[in-house]
Every structure is written in structure tokens, then in C-alpha cells.
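> Predicted coordinates and the sequence they were generated for:
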Amino acid sequence: MAFIPHTAADVAAMLAAIGVARIEDLFAEIPPELRVKSLAGVPEALNEMEIGRLMSARARADGIALSFLGAGAYEHHIPAAVWAITTRGEFYSAYTPYQAEASQGTLQLIYEFQSMIAGLTGMEVANASMYDGASATAEAALMAVRANRKSRSARILVPQTLHPHYRQVAVTTASNQGLKFEELPYGTHDGITAADALARYEGQDVTALVIQQPNFFGRLEEVDALTDWAHARGILVIAVVNPTSLALLKPPGEWGARGADIAVGEGQPLGVPLSSGGPYFGFMTTRMEYVRQMPGRIVGRTVDSTGREGFTLTLQAREQHIRRARATSNICTNQGLLMTAATVYLSLLGPQGLMRTAAAAHARTRELVTALTRVAGVRAAFAAPCFHEAVLQLDRPVAPVLEALAVRGILGGLDLAGYYPELGHALLVCATETKTSADIERYRSVLTEAMQSVRAA
Amino acid sequence: MTAREKVIFEYSRAGRGALDQWPAPVAAAALGDLPAGLRRQRPPLLPEVGELEAVRHFTRLSQLNFSIDTHFYPLGSCTMKYNPKACNQYAMLPEFLARHPLAPESQGQGVLACLYELQEMLQAVSGMEGVALSPMAGAHGEFAGVAMIRAYHRARGDLKRNEIIVPEAAHGTNPATATMCGCVVREIPVTGSGDIDLEALKAVVGPQTAGIMLTNPSTLGVFERSIAAVARIVHEAGGLLYYDGANLNAILGMVRPGDMGFDVIHMNLHKTFSTPHGGGGPGAGAVGVGARLLPFLPVPVVGKAGERYRWLTEADLPQSIGRLSAFMGNTGVLLRAYIYMRMLGREGMRQVGEYATLNANYLLKCLQDAGFDAAYPQRRASHEFIVTLKRQARELNVTAMDFAKRLLDYGFHAPTTYFPLLVPECLLIEPTETETKDTLDAFVAAMVRIQGEAEHEPSRVTSAPHTMPVRRLDDVRAARQLDLTWKPTAQP
Amino acid sequence: MSKVPADLRYTKSHEWVRSLADGTVEIGITDHAQHALGDLVFVEVPEAGRSVKADEPCAVVESVKAASDVYAPLAGEITAGNPQLAAEPEVVNGDPYGAGWLMRLRPAPGALAAAALLSAAQYQQLLDSEGD
């Protein structure tokens, strides 16, 4: 019964101690007309065996397909130790480490996480994580407005090559505070932000420029040139990066002459299962100079009253429980459990394992593109280079092709028609280290049939 | 006191690694297409350790934590109830974990059915007309709620309404949220018995009022008795009522926010519906709305057409405040809440409110009988209550913080301290319904012993904790000499 | 009992103002304010050349338990922020009326006369009424 351990004798003794006859008497202060009349929308209870059967049946109904979807959520091998550790009750059922002395495990782990994320991004400081990559990007825009004291415009330049959902979340999150997001076009021939798109902002007051690397198409932006262009004009640079890719690609802390000012990203590739979209976590990093403008929890190393090393939440005066209406954000928590998983994941992979993972994903994607472009009516949309995603151009509508593939148990990628109609019949595909040559060959062969079954446009 | 657990980087040895976890290496030629100018030059600073070393390190770290699974955790306003193991196990079935967020609806009818039914159940227990699940924490749900209030006024062309009223006892998130939504905050006082000051409320409402944010029971641990009058005053002024679900556990199955007149609510699934707190997240802050705000719900929402479930997007809800997460919020957390609610069922919902209230009132009575002062002695406790140690601080120079730290030595996580701000030297105590009478009795016994120590050996209390991995930490040094990342050169 | 030097003027929000020989004024937070905040861990001062309006927030003082804005007691142009405080915020705790000054400002024409500043006696009265 609702995980309530009381015996009848307990209840009787407790009521007697309080001095009331019935539990109902404890609710005497609530006006009777407000009491619940019906909870008909809630079904009768199921016991553990029954709910187990129901959930197993629903899981089976969804099945597990051979997936070539990416677009911001990536299938990677997750070492068994990651979730064995993460679901330990001491991590799983603890709360925000307000009582530092009784939370040193969580606090030290956050410190290790901050260190790893700073190392990966080449940035000076990281926070204890945000909700997801999209919300971290939105918070980075708000942070840039606070950090860039020279700019008064709250204008943020956002390439169309930034994940379309991230652009939507930024608008939802920040537009109430007067931020203006202005979209930068990309070259439909090369899939990267067009350098001449920046020219029209020459001499104008702009607060920040967002750069996603690799971008939504998997393509590599000219990050050095973009960063230097922005810095020369007093514009802050917000990097949005894939953490796996950073084993191979130049970290945002080294972009251009001065490095990015804020770097954020989706942490899901670091040991977090796809799970239909969450829970994931966003990471956020910056220069030490801007640390007081950064939202979210931050842990620091210090000493206790006997001089012994320990860890504690710090810089809390930025946060809502102290600054209330003037806080950097209303965020109270981090995605603690996911950050825990990522810290274990990064410890098990280390610099070499992460490098192998990134390299294998890159190699598999090249193999996939080579295989699929052998199919009649399929070609690569843009010239290389990509990281572990690529856009294919079909000679017929993508949606029915994907449906035909799904019937055969293959999720063939993301149809870009709704997001980028100007690209025509474009399909975003992804392969990570989890895909074998046999998987890729299966996709190629099923795609060949699917293409034939769908009439050309 | 145990030996210090090293920072994982201190275990690192060049060339060591959990090789069995890694994919096979690929030939360098496979990377040949990446332009040298875009490549990383030096490997990132990450630890190089074996699997066993990593497992031992993180297991040891876990053992330095208090948690619900190991300790009574009566943190007020946080609802630290037991997180049933079944919720975790069945939410982590391989098919659920493997499903990509952009997979077609045809390959997600199982998970979509769970989410749809969760929306329906949350709607039923909150008394609202519609529910969206995508906010990823309580604060995120608050943001969605206030953004909907703003969108509602704007859609009516009522552009002046930018003030959000909050009681002075409110959690800091409320004013911070109002600011994030571009609103101005107006704080109003509460009366000596813990109810909202209705005269003060009448004085601040007007054509600039966007809405009011309230918890009920309030952060003072008592039921807001004049809620119907509050709703009338705010509604007559043209404002809307926002319900912060922080304290929903107190009234689950007994009273519904919709029936109290609230227009929008967020529910902390990590409190009331027992999803894990995870050391500070992930949470889930589902929002419920009355009819007026239905068009503004954040997307995506799960809809049902015939027997098929599907995502509702901007195309279905063109006035939506938009998207709050890259995909569908914290889906895995939502599944845990779904399983919990199905296991409780209709009757279980009511029992939560009943037994949470029973435990709180019992614990309050025992502490009062032992000589502790309730902040609102004339009131019934809701699911939590406030003890004030003002007297101990004045007479013995032992503070609420000292009691909190000493409780750790007795094996109890401390209650919430120094919140709400308007009660001096306060402990906000929330036992939850899942604790036994024996545990509550043991907590009272510890408080009594600490009181005795405070009277006869106060330094024992003021220098606590004595048995934790560390003593009280130097927060001033932590903030002045920021050490936020491990650096190889900083090591002895 | 907080120190309230007689030769300074004060604001209700606990800033002090000292008139300097060159016509500029020096501004800081009072002994009462530093004590209420506790050990300061961060101080942000304005850059020279910035124009401020009266009552505009122009500096931040932060302890581990609170962060507080410092308001310009009068309108004018900042001529200096105290450069020592970035590295040593604790100076404000130790010497709030001396080395712990926050900023210097050249008052806008008429601003000094227009500012409703308190005398030491009036400020002391304010503290007494707040129970210091």
C-alpha cells in the first residue's frame, strides 16, 4: 500500500499521541468544499508483478530497431560499469549536496566531472551540468548578455546549421527577456555557415555568435575564422560541441586566437542511453573571467576546520536561493545522475578510449556514406569533411523511403524536409562505433529495394 | 574518519585504460579526410585508469554520501520518500533505453502509451484540463507556467500585465522564474498565523498583475486557509493563479489545485511521484493547466487518435509557448513516475496525503512534547512543519546549523535549515509517508540528546559533525581561492 | 556596535561618501554593511569613465551567504574603481572606510547638493532604529 510501512498498532499509537481520533481529523483546517470528489482518472493499483508484466509488454511492442538516426542523440556503447555504479542507492537516492559533510561523494564526483569537461573542451571552468544541450545553449545566450558588458543590443547570431530544436528552445527560453536571435544562412552546396553572411553585421552592435561544431549536418564549420571575426568586433563566441568529437577535433578553448568564450553541448553521448530523448544533460564551460555570470551549480575544493581537503558548493550567491529575482537563472539543480554516468564513462574511456570511439564513429560514417551513395538515386549532399553524420540527397521524397525501411526494422535517418525544405529530398544519416560492416551492408541492400518501391519524384 | 579518497586523476597512469570497453582501433587513414587545422593537437586531460580502479573509486565515493537508501532524510520541501526499485528496473528495460527520440511513432507506441496515461493521471490528481510533460525540473516547470501566463495575456492584447506577486515566504525560485519570464516581482507579507495578508494582496493587484505564484500548503508548512479568497481577488483583478507543486505530497488525493482555483500548476515528479533525486537531478516538472491556458502548453504533448498515440507539436498547438528541451524532456524519469502512480493506484494517492500528514503531525507532537518550539504551534502541520531554535540560539548560543550538523553524527540527514527565511533559526522537517514510527521515534531521541549536549557540552554540538568524512568546510576559502578543476601542477 | 565616522555622509542603503580635495567623492560600504554581509569573497567595482545615475546599481559585494548591489549615492562619472579589491575582497571587511573604498566619482553638476545624504548622526539613528 503506497510503500507505507505502518501497522494498525502504529497508526493507533500515533493518533493517540497527536490527540485525534482519526487521520481525517488532521485535515480539519481544509475547507470541506475543497476536498476531492473523485479521482476516477486514476486506475486501481497494480502490484509489482503486474506492473512488470505491463511494462515488459509495452517495451516489447517498441522493440529495438537497427538505427542510423543521430541529429543530436547518438547511440554509443555504454560500459556495464557505468549504470551499475550510477544506480547505486547512494547516488540514485541522494539529493543536492546541501549538507557538504554528508555529501562528499556527490561533491567530489561533480569536481571530477567539472575537471573532465574542462579538459575535454579546453576551457577553464565547467559547471555541474544543465538540463540538456538545447537548454544549455539557451542559458549560454542569456549568460553572454550578462558577460558582454560592451554590447547593449542582446542580439545573438545563430547559424541555421545549429540544431533546429536548439534554436526553438533558445527562443522559448530567452525571448521573454528581450533577446533577439537572428539566423545566419548556410551554403546549400557546402552545408556550412557562409562567411559572407557575416558581412552585413559589420559595424553593428551584436552580443554573441553561436557556432555548432560539428554542425547539425555533421559538417565542420570554419571555427577559427568565425571566432576571430567575432572577437575582432567585441562579439562573444558560444561554442556548441559534441563531446565525443572533441577527442578528434580542436576543442573550443583553442578556436581562433583567443578560444570560445562559452562552450556548451549535449552530454548524452557520454554514457547516457537514448531513452526517447531523456534524461540527458547539458554541459557548460567558460573562461574564469566569466564564472560569476555562469548559471548552475559549481563545486570547489577547499579544506575543513582541521585543514583536511574537502569539496563544497561554491559561488552560491549567483543562485536563486540567495539572489532570488536577481539570480543568474532560476535553475536549482543539475542533471546529477546523468553527470555521474558521464564521469564514470569518461573515466573508463580516458583520452585513448574516447579517441578510438570518435575515430570508429567517423570511419563508420564514411563507410556508410560510401555504401549508400552506391545505391541508384542517392548522392552525398555536401562535400566532406563530416564527423559522424552526413546529409544524403535522394532523387525522390524521403518520407516514404523511411517508412519502407522502418517496416524492415531499419531506422534510416532523419528526413530534413520539414526542417530544411530548401535542401529538397535530404536525409541525415549517422553511424557510430556500434554499427558493423554487416549492419551497413544490410542498410544498403534494404535501401536499394526501398528506393525501387517508392516512385521517383 | 576514513582515509581521503583520491581525485580520480591521481590514480591515472599513462597508457592504462579499461581496454575491454573500447572499440577496436581504426587505421589512421580513416581520419585522413579531417583537415589538420580542425584537428585536436594534444589529447584531452582525462584520467587513464583500469575498470576495477574506476569501480572501486566510484563505489568508495558513493559510500561518502547520505541517501534515502541509507539514511532518514527529512529535508523539508524536498519530499525525500523511498524510490521504489521497481520504478527503476522497469523504466530501464532495454527497449525503452534503446529508443531514439526521433524514431517514428510506430516504434514507440509502448512508451507513448505510458506517457499519455501519465498525462491523464496527473490531470486527474491535479484537477486540471491538460498536462504537458516536457519540463525537466521544478524550476523548468515554473518557467513554463509563468511563460504560459504571459502568453495568455499577450494573446488577449493585454500587454501591460508584467507583475508576478509572490508571498515573502516563497522559495527563491519563484522570483527568479518571474524574472526569467521578463516579469517584475511584487512580494507580499503573510500574517502571524501563516496565511496570506489579504489586505496587502488587495493593495498590490491591478491592471498590471500577470498572476500570483503560491504553494499550498505554504512553505511555512501550513494550509493556506484563505485560498478561495486569494483566487477571487486575483481573478477579479484579471490575473491568473500559479500553483508551485513543491508541497503537493501533503494534499495528494485529498485536495486538487484545480478545485482551489489555480489556473496552472507544476508538479515535481521527483518529489510527489517518487522519482529519484539523483544527487540533484534529473527531476521532472510536468505542468497542468486549466481551460484558459490549454492552447499555450509547451510542446511536445502526447495525443491519441483512435488507438494510436502521437506527438502533438506546434502544428497542433500553434499558440504553444514552444519547445523547452531538445526532445521530450526527461522521458526516463516520466516512466518512473508512471510506474509509481500505477502501483499506487487511486487508493494509494489518497494514502500518500494521509500518511505524509500523519507522520508530520506525529513527529511535530513528539518534538513539542520533548520541549522544542513549533513556529506555528496553533496550526496543524501539513506534510512538513517548522521547528524554531531561536531560544537555543539565544540562551545556549547553539544554532539551527549546529543542530543540523550534529544530527549527521547521529545518522540522520539534516532537515532543511534557514528556509523559509522569515522564521529565525528554523528547521523545516518533512518525514514523508514511507518512514516507520520507529524511525521517527529515533529521530526525536537524537534531537533530545543533542538538546542535552547543547545544555551541558555545547562545544560538542557547535563543532559537529565529528564522524563524517570531513568536518565543517571553509566556504569562504572555497569562494575566494576558486579551485574548480583538477590540475596536474597543483598536486604535491 | 558599528563604527560611524563623523566626517562622512551616508545613504539609507548603507553606502558612505567622502568628499575629496579635488572635487571628486570616494564611495564605500559602511562597517554595518560589511558586518551584515560577513566575509566578502568577491567585489566588483565599476570601470573608470562610466557615467552613473543616482541610485543606479554600480558595484557588487558578495559573501558566501549573500550578494548585494551597491548603489551610486549620486549621479556622476566614475573616475576610479579600487583595483585592490579584485584580488583582496577581505580588505572591505578589515578597513571599510579606508583601504576598502569601492569607487571614486566626479559628481554631475549639482548632484552633490541634490543627493539626499545622511549625516553621521542621522545614519546612527537609522542603525539604532534597525536594531544594530
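That came through, no problem. Residues are numbered from 1 along each chain as shown, chains lettered A, B, ... in the order given.

> Which single residue of the stretch 151-300 of chain B ends up nearest chain A?
Of all residues in the stretch 151-300 of chain B, B:Gly278 sits closest to chain A, at 3.2 Å by Cβ to the nearest Cβ. For the C-beta atoms, the positions are set from N, CA and C on the backbone; glycine is no exception.

> Number of residues surrounding the closest residue to that residue other than its chain neighbours?
Nearest residue to B:Gly278 in three dimensions, chain neighbours excluded: A:Leu337, at 3.2 Å (Cβ to Cβ, 6 or more residues apart in numbering or on different chains). For A:Leu337, the neighbour count with other Cβ atoms under 10 Å in any protein chain shown is 27.

> now swap in B:Ala291 and tell me
Residues lying near B:Ala291 (other Cβ under 10 Å) number 10.

> what's the answer for A:Ala81, then?
21.

> what about it, which helix or strand?
In the assignment (DSSP states H and E), A:Ala81 maps to helix A:80-86.

> If you average pLDDT per helix and strand, which one of chain C comes out bottom?
Here the helix or strand of chain C ranked lowest by mean pLDDT, DSSP states H and E is helix C:111-114, holding a mean of 86.

> Please enumerate the helices of the chain.
The chain I'm using is chain A. Along chain A, the segments classed as helices by DSSP state H run A:8-18, A:48-62, A:80-86, A:89-92, A:104-121, A:133-147, A:164-174, A:223-232, A:320-323, A:336-372, A:398-407, A:437-453.

> Chain C was what I was after
Using DSSP H, helices in chain C cover C:31-37, C:90-94, C:111-114, C:120-129.

> mind listing what's buried in the third one?
For helix C:111-114, a neighbour-count test (16 or more other Cβ atoms under 10 Å in any protein chain shown) marks C:Ala111, C:Leu112 as buried.

> and what of the longest one?
Using 16+ other Cβ under 10 Å as the burial criterion, the residues of helix C:120-129 that qualify are C:Tyr123, C:Gln124, C:Leu126, C:Leu127.

> So which bits of chain C are right by chain A?
C:Val41, C:Phe42, C:Glu44, C:Glu62, C:Ser63, C:Val64, C:Lys65, C:Ala66, C:Ala67, C:Asp69 (Cβ under 8 Å from any Cβ of the partner chain).

> Just the helices from the stretch 251-400 of chain B, written as ranges.
Listed in chain order, the helices of the stretch 251-400 of chain B (DSSP state H, counting those that start in this stretch) span B:331-369, B:390-396, B:400-409.

> And the residue of chain C closest to chain A?
Of all residues in chain C, C:Ala67 sits closest to chain A, at 3.6 Å by Cβ to the nearest Cβ.

> Tell me which helix or strand in the chain has the weakest average pLDDT.
Unless you meant another one, I'm taking chain A. Lowest-scoring helix/strand for chain A, mean pLDDT, DSSP H and E: helix A:320-323, at a mean of 72.

> wrong one, chain B
For chain B, judged by mean pLDDT, DSSP H and E, that is helix B:173-180, with a mean of 91.

> For that one, which outside residues touch it?
For helix B:173-180, contacts defined as Cβ atoms under 8 Å, 6 or more residues apart in numbering or on different chains pick out A:173, A:176-177, A:320-321, A:323-327, A:329-330, A:332, B:138-139, B:142-143, B:146, B:164, B:166, B:184-185, B:187, B:213, B:244.

> Chain C next: which of those residues are close?
A:Arg323, A:Arg326.

> Just the buried ones from the contacts of helix B:173-180?
A:173, A:176, A:320-321, A:323-327, A:329-330, A:332, B:138-139, B:142-143, B:146, B:164, B:166, B:185, B:187, B:213, B:244.

> So which of the residues you listed belong to strands?
Secondary structure assignment by DSSP state E places B:Ile164, B:Val166, B:Val185, B:Glu187, B:Met213, B:Asp244 of the buried ones among the contacts of helix B:173-180 in strands.

> Close to chain C: what parts of chain A are there?
A:Arg292, A:Thr314, A:Gln316, A:Ala317, A:Arg318, A:Ile322, A:Arg323, A:Arg326.

> Look up phi and psi at B:Ala29.
phi -60, psi -30 (degrees, to the nearest 10).

> Just give me how far the least confident helix or strand of chain A sits from the chain centre.
Centroid separation for helix A:320-323 versus its chain: 26 Å, with Cα atoms, centre = their mean, to the nearest Å.

> got the contact list for that helix?
The list of residues contacting helix A:320-323 from outside it, by Cβ under 8 Å, 6+ apart, reads A:316-317, A:327, A:329-332, B:139, B:171-173, B:175-176, B:419, C:65-67.

> Could you identify the buried members of these?
A:316-317, A:327, A:329-332, B:139, B:171-173, B:175-176, B:419, C:67.

> Could you identify the least confident member of the residues you listed?
Among the buried ones among the contacts of helix A:320-323, A:Ala327 carries the weakest pLDDT, at 77.

> Quickly note the distance from B:Ala464 to A:Ala371.
66 Å (Cβ to Cβ, to the nearest Å).

> Quick one: mean pLDDT over the helix holding A:Ala81.
Mean per-residue pLDDT for helix A:80-86: 98.

> so what's the residue of chain C found nearest chain B up against?
Here chain C gets closest to chain B at one residue, C:Val41, 3.6 Å apart by Cβ to the nearest Cβ. Applying Cβ under 8 Å, 6+ apart to C:Val41 gives the contacts A:Ala317, B:Val476, B:Ala479, B:Arg480, C:Glu62, C:Ser63, C:Val64, C:Pro89.

> closest to B:Gly288 among the residues you listed?
A:Ala317 (33.5 Å; Cβ to Cβ).

> can you tell me how far that closest one sits from C:Asn93?
Distance from A:Ala317 to C:Asn93, counting by Cβ to Cβ: 15 Å.

> A:Glu75 - nearest residue in space that isn't next to it in sequence?
Of all residues not flanking A:Glu75 in the chain, A:Thr434 sits nearest, at 5.2 Å (Cβ to Cβ, 6+ apart).

> A:Met130 is in contact with B:His140, correct?
No: using Cβ atoms under 8 Å, B:His140 makes no contact with A:Met130, being 10.4 Å away.

> Name the residue in the two with the higher neighbour count.
Neighbour tally, B:His140 and A:Met130, criterion other Cβ under 10 Å: the higher count belongs to A:Met130, 33 against 29.

> What does the pLDDT read for that one?
A:Met130 is given a pLDDT of 97.

> ok, what's across the strand from it?
Beta-bridge partners for A:Met130, by DSSP bridges, are A:Gly282.

> and whatever helix or strand B:Glu120 lives in with helix B:331-369, angle?
Assigned by DSSP H and E, B:Glu120 falls within helix B:109-126. Helix B:109-126 runs at 30 degrees relative to helix B:331-369, counting by axes from the mean of the first three to the mean of the last three Cα atoms, to 10 degrees.

> hmm, back to that, out of the helices of chain C, nearest to C:Asp55?
Shortest separation from C:Asp55 across the helices of chain C is recorded for helix C:111-114, at 11.6 Å, computed as Cβ to Cβ.

> Alpha carbons only: can I get that closest one in PDB?
Taking only C-alpha atoms (Å, rounded to 0.1, in the frame of the first residue of the first chain), the coordinates of helix C:111-114 have been written out as PDB:
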ATOM      1  CA  ALA C 111      24.400  66.200  -8.000                       C
ATOM      2  CA  LEU C 112      26.200  66.500  -4.700                       C
ATOM      3  CA  ALA C 113      23.800  69.200  -3.500                       C
ATOM      4  CA  ALA C 114      20.800  67.300  -4.800                       C
END
